[in-house]
Each structure stands twice: as structure tokens, then as C-alpha cells.
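Novice: just the structure for this:
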Amino acid sequence: MRHFTITFQPDGKRISIHAGSTLLEAAHTAGIILNSACGGTGACRKCAVLISPENKQVLACQHTIDSDLTVTVPATSRLFELKILEHGIDRYIEPTMLEPGGAAGTVFGLAVDIGTTTVVAKLVDLADGRLIATECDFNPQTVYGDDVVSRITFAQTDEHLIELQRMITECVNKLIAQLCKKTGIDPNRIYEMTAVGNTTMTHIFLHLPIIQLGQAPYKAYSLDAHDVPAKKLNIRINPKANIHTVENIAGFVGSDTVAAALAVDINLAEQLTLLVDIGTNGELVCGDKDKLFAASCAAGPALEGARISRGSRAVDGAIEAVFINEGDIDVDVIGDSSPASICGSGLIDAVAVMLDLGILDSTGRIVDPASSKSESRPAITRRIIRENDQPAFVLAFTDDGRPAVILTQQDIREVQLAKAAIAAGIQLLLRKMTIKENDLQRILLAGAFGNYIRRSSAMRIGLLPDVPEERIHFVGNAASSGARMILLNRTARELAGHLARKIQYVEIAHEPDFMNIYTNSMIF
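Specialist: Residues are numbered from 1 along each chain as shown. Predicted coordinates for the structure are as follows:
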């Protein structure tokens, strides 16, 4: 199937996507969130864009791609009339952290999201609020375990805690060096830094005890915000710069959730809203302007590409979408590369497609080709192979016909574990609030790859509640966006503290039906 290049302006983003896709799907792939209140039927007419070389206005949800295009997206066609930059919501926030007289281009700040798997750093002009550059990298602590429980277990001694802190400090310093090299900015001109992360990550960053986070009742050493000189934490910016870590909510719901909630204005929501931040730890916030509840679920890193045999981040060569095409499947690949791996969005698509083709049964078992719907489709049947004595499904072949990217039976099990944790967390949180799935008027999907997964695929595998698609909106790495708001604005910083205190934590693992609901959520 042919692929075409779509360039989005003024964002300057370029993606490759298969023929027959809509511009709405292309924008979604590019991480640009268009206003599609009608769910892509064309009824609301709110996703109008300008395409060239035709130089005409079309509805993104109705325009089918059959050539290379440049697409100009007006502010009025963006969800919430916000501009999406890098991985999250970006709206203008008036800088108020400087004394009067600061000039643009002279003083800078950092907004850092310390994730369990990935660390994202944004370099920001403190005078005018402008985002200068973004860098990200894997969290090097993964060598001691790819989830927080493993790292808590490792850090039973102060020596090991110091080692984990050293690793994250070096990671942040590496990102700072990359940002400064890219922009030509002297790190001594960085005068403020805001850091968010789950409670374990921020405790490690501040060298606070974390042993208690691994023992009931899983209490944080500190839920407070902290302000520490950069020199004390060995962060290589101006030595007198202030590093501000945001308030946590509970032992397993941290400041990244506070920042995400702040970024999407959930405290002002008139409609019942569910914010789902998908990462190694899945964080949930549900409610409206009157009452908010939060919960955490240990999803593991599978949906971020880890623990998957051919998994990766969203890098060149990664499969980001899988779809059925004329009796076979086809894939979209990031960059101008041959398929070499699969990232989270492609993983969710792949499982949904395998379910639709009958290659997976409801228990997640890869079925024998002779007993599946694929028997009459030779192109599909040839994709079912055995790898290391277990069944596997080939998503892409090399030019000479060898399997290039596969999903093994164990890979499917990892997806089941991750999606069951999130789905069970959502069900238990809704039950705690005595509401049903259909009561949710908005589902805001955040996370490192939150912009890129297809709503239909997420619902098909049971990752998200079964609601009308138009209720699901993608807000990307909202935690990173919230960290930037807190970096720039005193009012946002105060509101973050208010939110942390307002949101009520629900320990879903202690709910009587947790194990039953979790087990049932394993089923596709």
C-alpha cells in the first residue's frame, strides 16, 4: 500500500501515513489534537483545515489522503483551541516567576518529567514563556528494574538509594547538556527548574527514604513541595538556581498526576471527566470541579515498548499503526525506515487486529491457523509461526521474506497484564464513585504515547471504557505540560498544591473485589 508524506503547519511536523487514511487520523499520528466533537462523522464541522497545493479548506475527518500534502491547522480547529507542541498541551501561560525587568532570551528554566521509563526535559524562556527545545531519554534506573517496586526493593540501603539518585541526576544533566548544545544556551543562564514524577521517582531525586513505599500502608516520606538549590542536587545549571518539586497526592500517585490534572483544568470540569495517564504506573483521576478522586495501577512498561520482544519507544523504524488491508495486514512505520520494532500505539493496534482476525481468542491465546478465521486467508496464515517453541505472529517481513517484527505469545500476555491493571483500576474507581462507564462525559488520554493510539483499538482490547468515541480526547504528555505551567507561573504553582490536597486517593488494591475484577479484565 502506498504511503504519503503529510506536513502540518505551523507545527512543522511531518509524518508518513498510508493511503486511504483521513487527515484527522494523520493529525492524530502527528500528535496534533483536532476538535472532533462529532467523533469524525463530519457533523460538527469543527476540524476544518487548509490543504495545499490545492489551497482549499476541507474537514480533516472527511478528507481521504491520496497524495503528499501540506496542512495548515488554525487555532479554532484545535481541541480547547490549544496548540500541541512536542508531547502535550501547550497554552500561553503568563510568566510570573521573574522579578520585573527580565528580558526574553536572557533567563531560562527547565520543566522535567521524571518517568519510571522515560525522562523528558523542556527548556523554556522564563521571560516570555516560549518553549525553546525538548529532549528525552530512557530512565537509566531501569537496570535495577523496570517498575517502581523493583527499585524500592533495590534501595533498601542508603548506598543503593544514592546510586539511584546518581543515575537520575546524571540523566537530567545529560538532557541539560543536549538542550544547551542544541540551542547554544549557557547552562548558567538556567535559573529555575521544576520536576514532577511519581512519588518514588521524586523521592529518589531528592534522596528521601523510599523503603516505606514498599511496605503497607505505603506512605510517602513527604507529600510536600520542596525547593532545593541546584548545587545541592548536583544539577548542572546555575548553582544558585532553585529546583522546585511539586506536591504528591499519595504513595503511588505523585506530582506527575498533579501536573497532568492541572494541565487539563480538571478542577474546573463541568462534565464528569476521567483522566487516564498511561505509563509504567497508570494514574487515574476522575470527577469534576466539585469532587476529584485518584488511583494508581501497576501497569508495567509493556505499553511503552518494554518487556516486548521487538518493543521500542516511538523511534524511526518502529511500527506505530497496524490495520487490515485487503485480506492481509499493513503497517505504518515511523520515519523513512524499514520496520524494525513496535512501539506502544502499534502494539495496541496489533492486538486489536489479531482479535478481529480471530488470531487471538478471548483468553489471549494465539490460535492454531486451522481453527481460526484466517484459514481461508493465506496471507494471514503465513504470518502465524513458531518462535523459540511458542506461537508468534509476524507483523512485518524483511525484503527477502524473513520475519522482521513479530509478536510472541509472551508479548500478548504482557499486554494483557498491562491493560487488565488499567481497566480494573478504572472499574474500581468508578465503583467507588458509584457511577457507571456511560456516565463519563469525557475521557482524557495522557501519557508518553497518549496522542498516538487509536481510540477504537484501545476500546477493542478493553483498555478503555466502552463509550462513544467522540468522548475520548488525547492530551499527550500532560504531566510535562503541567510542569512547564508550574515552572512559569506562581498561580499555577499554588493551584498545583491546592489540587494535590483536593484530590482524594483511593487504594484500589485494598478494595474487596480487586482480584476478581483484575482477573476478569485479563479477558479480551
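Novice: identify the residues contacting the residue nearest the centre of the chain.
Specialist: Closest residue to the average C-alpha location of the chain: residue 447 at 1.8 Å, with CA atoms, centre = their mean. Residue 447 makes contacts with 276-279, 476-477, as judged by CB atoms under 8 Å, 6 or more residues apart in numbering. C-betas here are computed from N, CA, C, even on glycine.
Novice: partners of it in the sheet?
Specialist: Beta bridges link residue 447 to residue 278 when assigned by DSSP bridges.
Novice: confidence score at it?
Specialist: Residue 447 is assigned 79 on the pLDDT scale.
Novice: any idea how far residue 21 is from it?
Specialist: 23 Å (CB to CB, to the nearest Å).
Novice: swap in residue 423?
Specialist: Residue 423 is 28 Å from residue 21, by CB to CB.
Novice: number of nearby residues for residue 10?
Specialist: Residue 10 is flanked by 10 other residues according to other CB atoms under 10 Å.
Novice: my read: it touches residue 72, true?
Specialist: Yes: contact criterion CB atoms under 8 Å: residue 10 and residue 72 qualify, at 7.3 Å.
Novice: picking that back up, higher neighbour count, residue 423 and residue 21?
Specialist: Counted by other CB under 10 Å, residue 423 and residue 21 do not tie: residue 423 has more neighbours, with 24 against 21.
Novice: for the more buried one, what are its contacts?
Specialist: Counting by CB under 8 Å, 6+ apart, residue 423 has contacts 462-464, 521.
Novice: quick one: buried residues of the host helix or strand of it?
Specialist: Secondary structure assigned from DSSP states H and E places residue 423 in helix 409-432. Neighbour counts using 16 or more other CB atoms under 10 Å place 409, 411-412, 414-430 of helix 409-432 among the buried residues.
Novice: got it, and stretch 362-369?
Specialist: 364, 366-367, 369.
Novice: from these, pick the one nearest residue 316.
Specialist: Nearest to residue 316, judged by CB to CB, of the buried residues of stretch 362-369 is residue 366 at 28.4 Å.
Novice: residue 66 touches residue 18, doesn't it?
Specialist: No: in this structure, residue 66 is not within contact of residue 18 by CB under 8 Å, at 10.7 Å.
Novice: what about residue 133, which SS state?
Specialist: strand (DSSP: H, G, I helix; E, B strand; the rest coil).
Novice: sorry, wrong one. I was asking about residue 307.
Specialist: On the three-state scheme (three-state DSSP), residue 307 is labelled coil.
Novice: from here on, count from 327
Specialist: Yes, from this point I'll number from 327; that puts the last item at residue 633.
Novice: what is the neighbour count of it?
Specialist: Neighbours of residue 633 using other CB under 10 Å come to 19.
Novice: ok, for it, nearest residue in space, not its chain neighbours?
Specialist: Excluding the flanking residues, the one nearest residue 633 by CB to CB, 6 or more residues apart in numbering is residue 740, at 4.9 Å.
Novice: now for the one you found: which residues touch it?
Specialist: 626, 628, 633-634.
Novice: please identify which helix or strand holds residue 353.
Specialist: Assigned by DSSP H and E, residue 353 falls in helix 349-355.
Novice: distance check, residue 672 against residue 771.
Specialist: For residue 672, the distance to residue 771 - CB to CB - is 16 Å.
Novice: who has more neighbours out of the two?
Specialist: Shown here are residue 672 and residue 771; by other CB under 10 Å, residue 672 has more neighbours (31 against 24).
Novice: what's the spacing between the helix ranked longest in the chain and its chain's center?
Specialist: Determined from DSSP state H, the single longest helix within the chain is helix 484-509. Relative to the chain's own centre, helix 484-509 is displaced by 22 Å; criterion: CA atoms, centre = their mean, to the nearest Å.
Novice: packing partners for it?
Specialist: Helix 484-509 sits against strand 434-440, strand 444-451, strand 457-464, helix 474-480, helix 525-532, with contacts defined as 3 or more CB pairs under 8 Å, 6 or more residues apart in numbering; DSSP states H and E.
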